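Predicted model follows, preceded by the sequence.
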Amino acid sequence: MNPRRDSKWWGWGDPGVEPELDEAALATLRERVGSLEPAPLAAGLEEFSLPPAQPLPPALLEAVGSGAVFDSAEDRLRHATGCGYADLARLRGGRLDAAPDAVLLPAGADAVRRVLDVCAAEGVAVIPFGGGTSVVGGVEPLRGEHSRLISLDLARLRAVEVDRRALTARLGAGLRGPEAEAALGVEGVVLGHFPQSFEYATIGGFAATRSAGQASSGYGRFDELVSAIRLQAPAGELCTLQTPHTAAGPSLRELVVGSEGVLGVIPEVTVRVRPAPAVHRYEAWVAESFEAGAEIVRALAQGPGLPDVIRLSDEEETEVSLALSGPRGAAKALFERYLRLRGKRGGCLVVVGVEGDEESVARRRALTVRALRRGGAAYIGQSAGRSWEHGRFQGPYLRDTLMGMGAMVETLETSHTWSRLGELYAAVGGAIRDAMAAQGTPGLAFCHLSHAYADGASLYFTFICRARHGEEVEQWRAVKRAASEAIVAAAGTITHHHAVGRDHAPYMEAEVGEMGVETLRAIKDQLDPTAIMNPGKLLSES
Ligand SMILES: Cc1cc2nc3c(=O)[nH]c(=O)nc-3n(C[C@H](O)[C@H](O)[C@H](O)COP(=O)(O)OP(=O)(O)OC[C@H]3O[C@@H](n4cnc5c(N)ncnc54)[C@H](O)[C@@H]3O)c2cc1C
C-alpha cells in the first residue's frame, strides 16, 4: 500500500473535485478583497526538490518489516506538511525546506512498539501521522536534537470491534472518518464525529488533537466520546480501563487525549457510539443579528438543551457564504426572500440539525423552535438546512479554488464564556482586519459560532484577502500572530479544537501558566526520555 496517494499533493482532497465560482460570486469577491492575480502551482511534483534524506538505522527497517518503508520524494513530500493555509502556500509555491527521511507504515501495535524501541535507542525523531490534516503545524518535520526523522503513518492500524450492548467500539488509529462510520454502520451504530476534515482525518488524529465535529453539541466532542485509550510511549505502554467513569485520581485518559504525538503513539481508541439515527432533520433560520442569535444559543444551552447541530453565522459570513454558494444554493434564494419580505438588509443564518428517532427529534426540535421564535428568528426552510448538511465537506475544496485565484484563505478558532464572548468576537475580528490592512491587503474576516455549552461557546473565524505572491507565509504569519495575541489578551483559549501543534506552542504558557508547562515537560520526560516524539509541538523547543 502506497500511503496518501489518493488526494491532491498541493491542496485538499479528491483531485477530481474543483468547484468554480460564478460571475456573481467573483464580483462579490472583487468588491470585498480587490482584484486578485491568479497563482498557478509554481512546480510540478517531479520538479520539487527536497533536502536529501539521512540514512536510517538498519534495525529500524527490520523492526517495521519489509514493504513498510517508503522513501520516494513523493511519499516524503506528502508527509512533510499538514493542510493549513501556510502548508498549502509552501506546496503551491514549490518550496519545502524540510521533510522526513522516510515514511514507515507499521502493520499493527506490535510493530509500532518495535519501531519506538529502535528510535529511542538510536535517537531517531518520530512524527505520528494520521490523516495529515493538521492546520497548526502538528506534523511539521522538526527534528529537535536528532539528525534523523521518520513519519510514522498509522494507516494500517484498522481494528474495529463493536460492543453493541455497552454501545462502545474499539477503533484502530488509522481509520479515516468515513471508514470508521462505514464499519460502525454495519453494526447499526454511529460515532457522530463530523469535523470538516472528516473525509481524510483519522481516529488517532481526532484523539490526539481533542477534535470537535460539527455535531458536537449533540454527539459530544471527540474527547467526550473516548471511553478508553492506549498509548505506546518510548518508555512503555499506558492503558486506561474501560469503565464508564472512575474516581481513581487525575485522569490519564485525559492526559493522552490531546497529547498530539509528543508523548507517544495512540494505536487504538475505545469510543462511545449510538444507535444510527432514523431521522435527520436539518433546517435553516435567520436571526436578526449575531448578538440575537448568540442569545438564542445561550438560552438553549442553559435551558432545554441544544440540538445536535447549531451553527450561527455572523452577517458577514452569511453574506459571503451565500454569495459564494452560486445561483443554485438553496439557502441563497430563501434568504433573499426573507430579506425582501421583512424589508431587511441583512441577517444571520442559523443552521439547526436534530438527529435520532421520530419521537426524540420531534420533541427536541419543538424546544429548539420555541427558543428560536422567542429570540426573534425566522424560519427559512428545510431545503436550505439540507443543502448545508450535504455540502458541509466542500469548504476546503473552495479554498483551493480561491488560492489558485491568488487569495489567502485561513481559519482559526477560540472560545470563551458567554460573559466575554462579545468582547472576544470584536477583538479577534478587529485584529485580523487590521493586520490584513497593515500587510497592504485589506480583506474580509467573518465568524460563526458552532460549538456551544452552558457556560460559553467557540468562535470560528475565516479570513480572506489578496495573497502577496512569494511572501504568502510571512503575510499569513503576521495576521495569525495578531489574531493569537488578541485571543491571549482577551483570555480566550488559543484553540477550541484545532489543537496546539507548532503554531500555538508559543502561547501555551498563557494557556496553562509556567507551572502547567513545566508539568507537561516533566510528564514528557517520563514517557519520552530521549525526546524523540514529535519535537517542537505542543511545547516549544526549550
Ligand atoms: C479543511 C479542514 C477542516 C478541518 N475541520 C476541523 C473540524 O471541524 N474540527 C476539528 O477538530 N478539526 C478540524 N480540522 C483539523 C484536523 O482535521 C484535526 O486536528 C484532526 O483531528 C487531525 O486528524 P489527522 O488524522 O489528520 O491527524 P494529523 O494531522 O495526522 O495529526 C495531528 C496531530 O496528532 C498527532 N497524531 C495523529 N495521529 C496520532 C496517533 N495515532 N497517535 C499519536 N499522535 C497522533 C500528530 O503527530 C499531530 O501532532 C480541519 C482541518 C482541515 C484541513
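That came in fine, so what should we check first?

Near the ligand, which residues of the stretch 151-300 of the chain are found?
In this structure, the stretch 151-300 of the chain approaches the ligand at residues 154, 173, 195-197, 201-202, 204-206, 208-209, 211-212, 260-261, 265-266, judged by Cβ under 6 Å from any ligand atom. Every C-beta, even on glycine, is put in place using the N, C-alpha and C of the backbone.

Enumerate the residues of the protein near the ligand.
12, 82-83, 127-135, 138-139, 154, 173, 195-197, 201-202, 204-206, 208-209, 211-212, 260-261, 265-266, 396, 497-499, 534, 537.

what bits of the chain have low per-residue confidence?
Screening the chain residue by residue with the criterion pLDDT under 70, one finds the ranges 1-3, 326-330, 542.

tell me, what residue is most central in it?
Centroid-nearest residue in the chain: His498, 4.7 Å away (criterion: Cα atoms, centre = their mean).

I figured that residue was touching Cys83, is that so?
No. The pair formed by His498 and Cys83 falls short of the contact definition of Cβ atoms under 8 Å, at 11.0 Å.

Find residues that contact each of these two.
Shared between the contact lists of His498 and Cys83 (criterion: Cβ atoms under 8 Å, 6 or more residues apart in numbering) are residues 134-135.

Pull out the buried residues from the residues of the chain next to the ligand.
Neighbour-count burial (16 or more other Cβ atoms under 10 Å) is assigned, among these, to 12, 82-83, 127-135, 138-139, 154, 173, 195-197, 201-202, 204-206, 208-209, 211-212, 260-261, 265-266, 396, 497-499, 534, 537.

Report the contact partners of the closest residue to the ligand within the stretch 251-400 of the chain.
Ranking the residues of the stretch 251-400 of the chain by distance to the ligand (Cβ to the nearest ligand atom) places Gly261 first, at 2.8 Å. Shown here is Gly261, whose contacts under the criterion Cβ under 8 Å, 6+ apart are 126-128, 138, 208, 533-534, 537.

got it, and Glu485?
For Glu485, the set of contacting residues under the criterion of Cβ under 8 Å, 6+ apart consists of Ala431.

The one 4 residues further on now?
Contact criterion Cβ under 8 Å, 6+ apart gives Ala427 as the residues in contact with Ala489.

repeat for the one 5 residues further on
With contacts taken as Cβ under 8 Å, 6+ apart, Ile494 has the following neighbours: 414, 484, 487-488, 500, 504, 507-508, 510-511.

Val350 too?
When contacts are counted by Cβ under 8 Å, 6+ apart, Val350 touches 284-287, 293, 296, 310-313, 372, 377.

that's a strand at it, yeah?
Yes. Residue assignment for Val350, taken from DSSP: H, G, I helix; E, B strand; the rest coil, places it within a strand.

What's opposite it in the beta bridge?
Bridge pairing for Val350 (DSSP bridges) gives the partners Trp285, Leu312.

I'd say Arg114 and Ala59 touch.
No. With contact defined as Cβ under 8 Å, Arg114 does not count as touching Ala59 (9.1 Å).

Tell me, how many residues neighbour the residue nearest to Arg392 when sequence neighbours are not counted?
Taking Cβ to Cβ, 6 or more residues apart in numbering, and ignoring the residues beside it in sequence, Arg392 has Gln214 as its nearest neighbour in space, at 6.3 Å. Taking other Cβ atoms under 10 Å as the neighbour definition, Gln214 ends up with a count of 24.

And for Thr519?
Number of residues near Thr519 (other Cβ under 10 Å) recorded here: 12.

so it is in which element?
Following DSSP states H and E, one finds Thr519 within helix 508-527.

and that helix, how far from the chain's centre?
Averaging C-alpha positions (Cα atoms, centre = their mean, to the nearest Å) puts helix 508-527 23 Å from its chain's average.

Kindly format the C-alpha coordinates of it as PDB.
Backbone C-alpha positions of helix 508-527 (Å, rounded to 0.1, in the frame of the first residue of the first chain) are rendered in PDB as follows:
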ATOM      1  CA  MET A 508       0.900  27.500  25.900                       C
ATOM      2  CA  GLU A 509       2.300  29.400  28.800                       C
ATOM      3  CA  ALA A 510      -0.600  32.000  28.500                       C
ATOM      4  CA  GLU A 511      -2.900  29.000  28.300                       C
ATOM      5  CA  VAL A 512      -1.700  26.900  31.300                       C
ATOM      6  CA  GLY A 513       0.800  29.000  33.100                       C
ATOM      7  CA  GLU A 514       4.500  28.400  33.700                       C
ATOM      8  CA  MET A 515       3.900  25.600  36.200                       C
ATOM      9  CA  GLY A 516       1.500  24.000  33.700                       C
ATOM     10  CA  VAL A 517       4.100  24.000  31.000                       C
ATOM     11  CA  GLU A 518       6.700  22.600  33.400                       C
ATOM     12  CA  THR A 519       4.300  19.800  34.500                       C
ATOM     13  CA  LEU A 520       3.700  18.800  30.900                       C
ATOM     14  CA  ARG A 521       7.500  18.800  30.200                       C
ATOM     15  CA  ALA A 522       8.000  16.600  33.300                       C
ATOM     16  CA  ILE A 523       5.400  14.100  32.000                       C
ATOM     17  CA  LYS A 524       7.100  14.200  28.600                       C
ATOM     18  CA  ASP A 525      10.500  13.500  30.200                       C
ATOM     19  CA  GLN A 526       9.000  10.500  32.000                       C
ATOM     20  CA  LEU A 527       7.300   9.000  28.900                       C
END
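
how much space is there between the residue of the stretch 251-400 of the chain closest to the ligand and Glu315?
Look at Gly261 and Glu315: by Cβ to Cβ, to the nearest Å, they are 39 Å apart.

give the contact list for the residue of the stretch 51-200 of the chain found nearest the ligand.
Proximity to the ligand, evaluated over the stretch 51-200 of the chain using Cβ to the nearest ligand atom, is greatest for Gly130 at 2.5 Å. The contact partners of Gly130, by Cβ under 8 Å, 6+ apart, come to 154, 173-174, 201-205, 208.

quick one: what helix or strand has Tyr425 in it?
Under the criterion DSSP H and E, the helix or strand holding Tyr425 is helix 418-438.

Give me the distance from the very next helix or strand once past that helix to the chain's centre.
Heading C-terminal from helix 418-438, the first helix or strand you meet, by DSSP H and E, is strand 444-449. Once both centres are worked out by Cα atoms, centre = their mean, strand 444-449 turns out to sit 16 Å from its chain's centre.

Skip the chain neighbours and tell me the closest residue to the residue of the stretch 51-200 of the chain closest to the ligand.
Nearest non-adjacent residue to Gly130, counting by Cβ to Cβ, 6+ apart: Gly205, 3.1 Å away.
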